[in-house]
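Engineer: Compute the structure for the input listed below.
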Amino acid sequence: MTAVYPTRLASRDSFDDEDLTDIDDVFIRDGKRDTKINDDGSVKRPLMAPRKKPKISVKLTNNTITYRSLFLSLCYGLIALGVLFALMLLCILTINIFPIPFSIMKNWFSIKPSISSINTTDILPCTSLATSVVWIRTLSKLTSEAPLRSVDVNNDGVDDVILGFSTGIDALDVPEYFCNLYFDGQVPCLGGVMAIDGKSGKTLWTHWTEHAIFSIDCNLDITNDNIRDCIVTGRGGILHAIDSINGKLIWELPVDELPSTLNDEKIILNVYDARYITDVDSDEISDVIVSHTMQLGKFRQSRIILLSGKTGTIIKSIEFSKKEQLFIAPQVMVSSDGDVNYLLASCAPDKSGGLYVISQRDFLYGNLDKMKTIQHGKGEGILLPLIFVDLTLDGIEDIISISLNNSTIRAYDGLTYQQLWNYTVSNSEIISIPIPGYYNDDKIPDIMIKHQIGPGFPLYYYSITTIINGKNGKSLFDEPIKDSANGQMSGIILSVDGFGNDWFLHWSSNCLGNNIVNEKYSFLQGQTLLSQSRANLCKLRFNSTLNMKLLAMSQHVGPPGQSLYSSDDWKKIEFNNSDKLRQYSNDNDDKNTVPLVAQRSPIIKNLQMDIGDPDQQNKQIIVDEGGDYYIPNKNDDKNSELYEPYSIGLSSIEKKINDNNNYQVNQDWNDNINNAWNNVPIDKYEMSYNDDTSHLETPQDETEFNTDNKYNFMNNKRKKRIRNLRKKRYDDNFDNKNIRQPPTGIILPSFNSDSDNKNNKKTIDLIFSTYWLPSSEVSLVLLQKDIDCIRIKEEKLNSNKLDIEKRENIIAECLAERGINYKHYKDEIDERENRRFSLGQMTIYRIKLQCVCPDDMLTGQTCKDISSKQSWSAHMGNTGNGYFRPNYNK
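Structural biologist: The predicted structure follows:
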């Protein structure tokens with residue numbers, strides 16, 4: 001066979017050197033350039049066909065961007081931006097024309113998970129409360145500073161409301177014959193207790209007392225009829241045990257026999273505070289522990305009294321101190337080993353005092369020297385009751401107290417009595433009970449508190465509200481809630497399932513249209529405490545009107561909270577008798593048959609009104625029983641119309657030491673005076689609880705009592721001018737009224753919840769009351785610009801001490817810049833004040849509350865509901881003893 005060789009690749013082939021790659025050289029030229037390979041057998045066949053080198057030609061040129069292309073790009077960008085803005089404007093217009101809830105829009109753009117992926121156990125918070133009115137009750141000529149209590153009086157399965165009240169006559173400390181003038185012979189007529197049917201709002205019975213009532217305890221049964229009975233206390237040494245079935249007196253504490261050396265002294269102060277305790281005398285009936293403070297002239301004393309609940313007889317009476325006074329009945333606390341201890345909170349006129357604890361055994365043996373001091377010193381006095389909350393989660397309630405010095409709130413360990421934390425606001429006072437509840441998500445209750453900012457009662461510039469973390473005593477708010485008007489809070493808690501879901505129900509007072517809350521003012525020197533406390537400050541300071549709201553706040557609804565009630569919405573109901581009261585007053589101005597004060601008792605006609613709530617969603621019942629009202633015998637009154645309100649807007653403690661009309665207030669106050677007699681010389685303090693009316697016979701009073709025809713004729717023109725001025729004032733619609741709220745409301749189970757429950761949510765009822773009083777006609781305040789004006793004018797005179805006439809002229813000049821005729825005011829102040837006999841009206845509301853779930857709740861989700869067990873449903877807790885009911889199993 002002939003051997004076949006591959007074709008040789010010689011240099012003469014058509015491939016040039018420059019056309020061959022380096023790889024081809026290796027195989028073709030044996031790695032050497034320009035060397036021919038012709039040896040037989042030594043030439044190897046290339047592994048691949050020879051490749052030519054690629055010949056790339058790159059031509060570099062300069063590309064210049066023209067102005068035209070730049071201009072076109074800019075135009076396109078502006079057009080795109082214009083289209084974007086047009087679309088945004090179109091969206092805004094569309095939303096304004098066709099508003100859509102944000103929650104719905106959020107659902108449009110959100111990725112919705114499948115129903116199978118939703119956790120059906122996911123429970124959202126209750127973020128809103130639905131309200132509806134059950135009934136409304138109006139009570140003319142009535143006011144109240146006592147907390148509402150509840151007892152099923154008529155045994156129908158629905159708790160009824162127990163209400164303490166007072167009448168305007170009590171403000172004057174008048175003898176009994178005034179009852180004939182104003183109440184058609186009802187004696188006594190100065191105060192009392194009323195039971196109101198929980199279903200209808202009608203009166204079940206009325207128990208009359210000699211003075212105003214400010215404290216009620218209806219916790220225990222002392223008649224063995226399975227219905228809890230009430231212990232009530234009031235001004236003037238009132239201490240009664242009342243049968244809740246019919247309102248009849250069970251027993252009362254008799255008036256003390258005074259030492260012979262004190263028989264001629266005027267009684268300035270005579271105050272009891274009482275609460276039930278467990279049986280001490282082994283008669284199987286709960287007993288009563290009482291604090292009693294009395295002042296006669298310069299002599300003061302406080303006692304602790306233990307009474308038999310069955311008969312009212314004194315089991316034990318121990319003198320507490322002549323230097324410190326008790327205005328709060330001892331509060332019971334049970335130690336970890338089951339021993340019963342009494343906590344005593346005291347104070348003195350110089351704000352000193354303290355907090356002490358003594359065992360029941362030592363107390364019964366009279367060993368007060370074995371008291372243990374928890375706090376004591378100057379400024380450490382306590383005027384408000386203690387509250388008990390388990391802050392350490394050890395199962396033992398801890399103690400929360402409020403001192404007079406800068407209203408410092410302190411928490412003490414209930415086991416060791418060591419301080420846990422304190423919270424202070426400078427230059428403030430606290431006149432209402434703190435509210436414990438679950439605000440944040442931990443298991444420790446938090447505390448809502450309201451401070452009044454200013455020198456002291458009744459001069460407050462504004463108020464602030466905050467919630468204190470129960471764990472460390474620090475505020476949970478970045479900024480407190482500020483109100484331009486001041487007032488009590490003393491709210492309650494609406495408990496909701498789970499921690500951190502409770503609703504804090506609190507009161508807020510503001511002057512409408514005013515955002516300036518820090519501006520200082522002062523009362524003109526020489527005005528009475530009564531006229532100052534009844535001043536229409538919104539009108540005097542801001543030329544505005546007062547608006548009062550009941551707000552519900554939780555951590556899921558930011559401060560100040562959801563409005564449940566606003567006084568502006570209910571004026572037609574709350575003032576429905578005011579025109580009659582005013583007209584009757586004006587018609588009697590010329591009658592001199594009644595001394596000192598014009599008779600203005602209204603003749604109430606039958607009033608049937610069918611008034612809906614402010615939103616007109618449904619019509620409700622307004623109970624205003626009437627006719628020319630009938631007053632039956634003493635304590636068996638079923639009449640609904642009660643009598644003349646009396647209040648100066650104080651807390652219950654301040655009511656106990658209320659001042660008399662004739663007490664002149666020095667407005668150079670710089671100190672905190674939480675009670676009316678703090679820092680006041682005893683010999684200048686005038687107040688009486690006996691029938692002696694000599695203290696009323698001041699020079700200006702003698703003018704009214706004088707029956708000399710010549711003297712009366714000389715003053716006819718002056719009286720007529722005053723009367724015309726008063727009529728003009730009354731023509732102002734609601735400007736002349738002050739709306740106030742009593743200490744608190746009460747939460748009760750709904751009696752028709754099953755029929756109204758459409759959302760499978762529980763309902764609960766809130767009962768609260770408001771009242772109004774005519775404002776003082778003689779109140780006058782100096783604004784900051786007035787004070788500055790007076791100071792500048794006094795400095796120009798270069799005199800260290802000005803006489804009265806020069807100072808009066810300076811005041812008149814500065815007030816004239818605001819259009820106030822000071823001389824005219826001074827000429828008429830006495831007679832206008834003396835003829836003033838305030839009438840008003842009280843209104844009681846029962847409203848139903850129900851939790852509302854969020855709008856953006858997904859299918860399968862639900863929200864928290866109102867708890868079946870409430871923690872703080874009334875003033876001073878569920879049973880009125882200051883104990884907060886913890887919810888360990890939430």
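Engineer: Tell me which helix or strand in this structure has the weakest average pLDDT.
Structural biologist: In the chain, the helix or strand scored least confidently by mean pLDDT, DSSP states H and E is helix 699-705, which has a mean of 28.
Engineer: In this structure Asp243 contacts Asp229, no?
Structural biologist: Yes - taking contacts as Cβ atoms under 8 Å, Asp243 lies within contact range of Asp229: 5.8 Å. C-beta coordinates here come from the backbone N, C-alpha and C atoms, glycine included.
Engineer: the more surrounded of these two?
Structural biologist: More crowded of Asp243 and Asp229, by other Cβ atoms under 10 Å: Asp229, with 23 against 19.
Engineer: you'd agree the more buried one is up against Asp221?
Structural biologist: Yes - Asp229 lies in contact with Asp221 (Cβ under 8 Å); the separation is 6.0 Å.
Engineer: Would you mind splitting the chain into its domains for me?
Structural biologist: 1-54, 128-632+736-775+838-863 (automatic domain parsing).
Engineer: Which residues outside stretch 472-482 are in contact with it?
Structural biologist: Contact with stretch 472-482 is made by 411, 420-423, 439-440, 446, 462-469, 508, 517, 559-560, as judged by Cβ atoms under 8 Å, 6 or more residues apart in numbering.
Engineer: same thing but at 6 Å, please
Structural biologist: Stretch 472-482 has contacts (Cβ atoms under 6 Å, 6 or more residues apart in numbering) with Trp421, Tyr423, Tyr462, Ile464, Thr465, Thr466, Ile467, Asn469, Val517, Pro559, Pro560.
Engineer: what's the nearest residue to the fifth one if we skip its chain neighbours?
Structural biologist: Nearest in space to Thr465, with sequence neighbours left out and distances taken as Cβ to Cβ, 6 or more residues apart in numbering, is Ile481 at 4.2 Å.
Engineer: now Asp283: how far from Ile315?
Structural biologist: 10 Å (Cβ to Cβ, to the nearest Å).
Engineer: who's more crowded, the two?
Structural biologist: Comparing Asp283 with Ile315 by neighbour count (other Cβ under 10 Å), the higher total belongs to Ile315, at 15 against 12.
Engineer: And the strands in the stretch 51-200 of the chain, which stretches?
Structural biologist: If DSSP state E, counting those that start in this stretch is used as the criterion, the strands of the stretch 51-200 of the chain fall at 123-124, 128-140, 149-151, 160-166, 191-196.
Engineer: Which among those strands is found nearest to Lys785?
Structural biologist: Closest approach to Lys785 among these is made by strand 160-166 (38.1 Å; Cβ to Cβ).
Engineer: Which strands and helices lie in contact with the closest one?
Structural biologist: With contacts taken as 3 or more Cβ pairs under 6 Å, 6 or more residues apart in numbering; DSSP states H and E, strand 160-166 sits against strand 191-196, strand 213-217.
Engineer: between those, which one is nearest to Leu163?
Structural biologist: Comparison of these against Leu163 by Cβ to Cβ identifies strand 191-196 as nearest, at 4.8 Å.
Engineer: for the longest helix that the chain contains, what is the average pLDDT?
Structural biologist: If you go by DSSP state H, the chain has its longest helix at helix 67-97. Average pLDDT, helix 67-97: 84.
Engineer: In a markdown table: the strands of the stretch 51-200 of the chain, plus distance to Asn881, mean neighbour count and mean pLDDT.
Structural biologist: Compiled in a markdown table, those are given as follows (distance: least, Cβ to Cβ, whole Å; neighbours: other Cβ atoms under 10 Å; pLDDT from 0 to 100):
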| stretch | distance to Asn881 | mean neighbour count | mean pLDDT |
| --- | --- | --- | --- |
| strand 123-124 | 33 | 16 | 86 |
| strand 128-140 | 28 | 21 | 92 |
| strand 149-151 | 12 | 22 | 97 |
| strand 160-166 | 16 | 27 | 94 |
| strand 191-196 | 19 | 27 | 94 |
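Engineer: can you redo the ones you listed as CSV with distance to Leu797?
Structural biologist: Listed next are the strands of the stretch 51-200 of the chain as CSV, based on distance: least, Cβ to Cβ, whole Å:
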stretch, distance to Leu797
strand 123-124, 69
strand 128-140, 52
strand 149-151, 59
strand 160-166, 48
strand 191-196, 51
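Engineer: Tell me which of these sits nearest to Asp803.
Structural biologist: strand 160-166 (42.6 Å).
Engineer: got the angle between the closest one and strand 191-196?
Structural biologist: 160 degrees (axes from the mean of the first three to the mean of the last three Cα atoms, to 10 degrees).
Engineer: what's next to strand 160-166, contact-wise?
Structural biologist: So strand 160-166 is in contact with 142-144, 146, 148-149, 151, 153, 191-198, 212-213, 216, 218, 230, 646, 767, going by Cβ under 6 Å, 6+ apart.
Engineer: got the buried residues for whatever helix or strand Ile844 lives in?
Structural biologist: Using DSSP states H and E, Ile844 sits within strand 841-852. Within strand 841-852, the residues that count as buried by 16 or more other Cβ atoms under 10 Å are Gln841, Met842, Thr843, Ile844, Tyr845, Arg846, Ile847, Lys848, Leu849, Gln850, Cys851.
Engineer: Restrict it to CA atoms and write it as CSV.
Structural biologist: As requested, the backbone C-alpha atoms of strand 841-852 are provided in CSV (Å, rounded to 0.1, in the frame of the first residue of the first chain):
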residue,chain,number,x,y,z
GLN,A,841,-80.1,73.3,88.5
MET,A,842,-78.6,69.8,88.6
THR,A,843,-78.8,67.3,85.8
ILE,A,844,-78.1,63.6,86.1
TYR,A,845,-77.3,61.5,83.0
ARG,A,846,-77.4,57.7,82.5
ILE,A,847,-75.6,56.7,79.3
LYS,A,848,-74.8,53.4,77.8
LEU,A,849,-71.2,52.6,76.7
GLN,A,850,-70.1,49.9,74.3
CYS,A,851,-66.7,49.1,72.7
VAL,A,852,-66.3,49.8,69.0
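Engineer: ok, and what's touching that strand?
Structural biologist: Residues contacting strand 841-852 (Cβ under 6 Å, 6+ apart): 126, 128-140, 142-143, 574, 577, 750, 761, 763-771, 865-866.
Engineer: List the pairing partners of the helix or strand just after it within its sheet, with orientation.
Structural biologist: Note on strand 841-852: by DSSP H and E, the next helix or strand toward the C-terminus is strand 862-863. The sheet places strand 862-863 alongside strand 123-124 (parallel), with pairing taken from DSSP bridges.
Engineer: who's in contact with the strand it pairs with?
Structural biologist: Residues contacting strand 123-124 (Cβ under 6 Å, 6+ apart): Pro854, Met857, Thr862, Cys863, Lys864.
Engineer: could the residues you listed be laid out in a markdown table, adding pLDDT, neighbour count and distance to Tyr565?
Structural biologist: Formatted as a markdown table, these follow (pLDDT from 0 to 100; neighbours: other Cβ atoms under 10 Å; distance: Cβ to Cβ, whole Å):
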| residue | pLDDT | neighbour count | distance to Tyr565 |
| --- | --- | --- | --- |
| Pro854 | 83 | 15 | 23 |
| Met857 | 78 | 14 | 27 |
| Thr862 | 84 | 14 | 28 |
| Cys863 | 89 | 20 | 24 |
| Lys864 | 90 | 19 | 23 |
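Engineer: Tell me the one of the residues you listed nearest Thr206?
Structural biologist: Lys864 (41.1 Å).
Engineer: ok, so of the contacts of strand 123-124, who is nearest Ile396?
Structural biologist: Of those, the one sitting nearest to Ile396 (Cβ to Cβ) turns out to be Lys864, at 28.5 Å.
Engineer: Just read off the phi/psi values of that closest one.
Structural biologist: Note on Lys864: backbone dihedrals following degrees, to the nearest 10 are phi -60, psi 150.
Engineer: Would you mind measuring from it to Asn501?
Structural biologist: Relative to Asn501, and taking Cβ to Cβ, Lys864 is found at 5 Å.
Engineer: before we move on, what about Asp156?
Structural biologist: Asp156 is 32 Å from Asn501, by Cβ to Cβ.
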